[in-house]
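S.K.: Pasting the sequence and the predicted coordinates here, then a few questions.
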Amino acid sequence: MTPAEIGYLNVLIDFALAEDLDDEGDVTSRATIPEELPGRAAFIARSAGVLAGINAAERVLKRVDPKVAFGPLREDGYGLSKGETFALVEGPIRSILLAERTALNFLQRLSGIATLTREYVNAVAGLPVKILDTRKTAPGWRLLEKYAVRMGGGTNHRIGLYDMVLIKDNHLAAIRNAEGRTANEIKTAIALARERFPNLRVEVEVESLEQLDRALAARPDVVLLDNMSTDQMCDAVARRNSTAPKILLEASGGVNLQTVRSIAETGVDRISVGALTHSAKALDIALDYVV
């Protein structure tokens, strides 16, 4: 994990523990279990999937109680089998139980994203295309969710609004409104972006082949093909190859596990998939007491 990802993780852990414990802590464990009673537990994958968040689980446990020993048996990015134990913990059982749900929430969410990403990556195996995420992330979780995408074999798109220029339909509509219907809003937008932020990559979204031709002439770094049919995408790739072969083409819209390979076979360079983060199902993971 990057320093920025670890920083966000630490903040989220504190928030998560605060909402779980309030001022009283784990009242059930306090009422029923002696304070220093030792115990052991195992993190087990109840479903097959890709592991992500092992660092998060360890940090949760250590944040609750530095005396808890955490023993990872697998690393993030590893393909777990159903029933596989991937980490062991040992220490005061009260502390383990207090940390259990928060640690599992991180593991299940991030492993679910990594698992879904791996399914998309496997679906386009053998083709020269990258699977990208989007900004459709849970508020506050973006860096961690994008980390999970990488663990699944995907590629991160821009992190936020600050690190890449992405000119979309509403930007173009605003320029048309300001400059009139005869304006070449794509050319104008790309020129303004290059002038204002010369060191950032520039991407522009198009919805038709006519717009694509205008975009290619204006020379952005990437053209986003929004909700085009596979026939249109094949045509777009041919036009790009003949006029501006260095410009990358990215497909978006209508992407799912049934369509992603046919989209990749058109020759586009990138496919962005919002579902990687906004629709991933949590991986079934448990923490079981070990006698």
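M.R.: Thanks, I have it.
S.K.: can you give me the strands in the stretch 151-291 of the chain?
M.R.: Per DSSP state E, counting those that start in this stretch, the stretch 151-291 of the chain carries strands over the ranges 165-167, 202-206, 222-226, 248-252, 270-272, 285-290.
S.K.: what's the closest of the ones you listed to residue 124?
M.R.: Smallest distance to residue 124 across those (C-beta to C-beta): 7.4 Å, for strand 270-272. C-betas here are computed from N, CA, C, even on glycine.
S.K.: List the neighbouring strands of that closest one plus their orientation.
M.R.: In the sheet, strand 270-272 lines up against strand 130-132 (parallel), strand 248-252 (parallel) (DSSP bridges).
S.K.: Minimum distance to residue 5: which of the ones you listed has it?
M.R.: That would be strand 130-132 among the strands paired with strand 270-272, by C-beta to C-beta, at 17.7 Å.
S.K.: Take the strands of the stretch 151-291 of the chain and lay them out in TSV including mean pLDDT and distance to residue 103.
M.R.: Output for the strands of the stretch 151-291 of the chain, formatted as TSV (pLDDT from 0 to 100; distance: least, C-beta to C-beta, whole Å):
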stretch	mean pLDDT	distance to residue 103
strand 165-167	98	35
strand 202-206	98	37
strand 222-226	98	38
strand 248-252	98	34
strand 270-272	98	31
strand 285-290	96	7
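S.K.: For the nearest residue to residue 217 once chain neighbours are set aside, give me its contacts.
M.R.: Of all residues not flanking residue 217 in the chain, residue 187 sits nearest, at 7.2 Å (C-beta to C-beta, 6 or more residues apart in numbering). Listed by C-beta atoms under 8 Å, 6 or more residues apart in numbering, the contact set of residue 187 reads 214, 217-218.
S.K.: And the strands paired with strand 270-272: which comes nearest residue 80?
M.R.: strand 130-132 (20.2 Å).
S.K.: Grab the nearest non-local neighbour of residue 146.
M.R.: residue 156 (4.8 Å).
S.K.: repeat for residue 17
M.R.: residue 102 (5.8 Å).
S.K.: got a list of contacts for stretch 240-253?
M.R.: With C-beta under 8 Å, 6+ apart, stretch 240-253 has contacts from 132, 203, 205, 212, 216-217, 219-228, 233, 236-237, 263, 266-272.
S.K.: Okay, buried residues for that stretch please.
M.R.: 240, 247-252 (16 or more other C-beta atoms under 10 Å).
S.K.: Make TSV out of the strands paired with strand 270-272 and add distance to residue 2.
M.R.: Shown next, in TSV, are those (distance: least, C-beta to C-beta, whole Å):
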stretch	distance to residue 2
strand 130-132	18
strand 248-252	24
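S.K.: So for residue 147, which of those sits nearest?
M.R.: Of all these, strand 130-132 comes closest under C-beta to C-beta, at 14.3 Å.
S.K.: Domain map for this structure?
M.R.: Following automatic domain parsing, one finds the domains of the chain at 3-121+280-290, 125-278.
S.K.: Filter the contacts of stretch 240-253 down to the buried ones, PyMOL style.
M.R.: Buried members of the contacts of stretch 240-253, identified by 16+ other C-beta under 10 Å, are gathered into one PyMOL selection as follows:
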select buried, resi 132+203+205+212+216+220+221+222+223+224+225+226+228+233+236+237+263+266+267+268+269+270+271+272
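S.K.: what about the longest helix in this structure?
M.R.: Ranked by residue count under DSSP state H, the longest helix found in the chain is helix 93-123.
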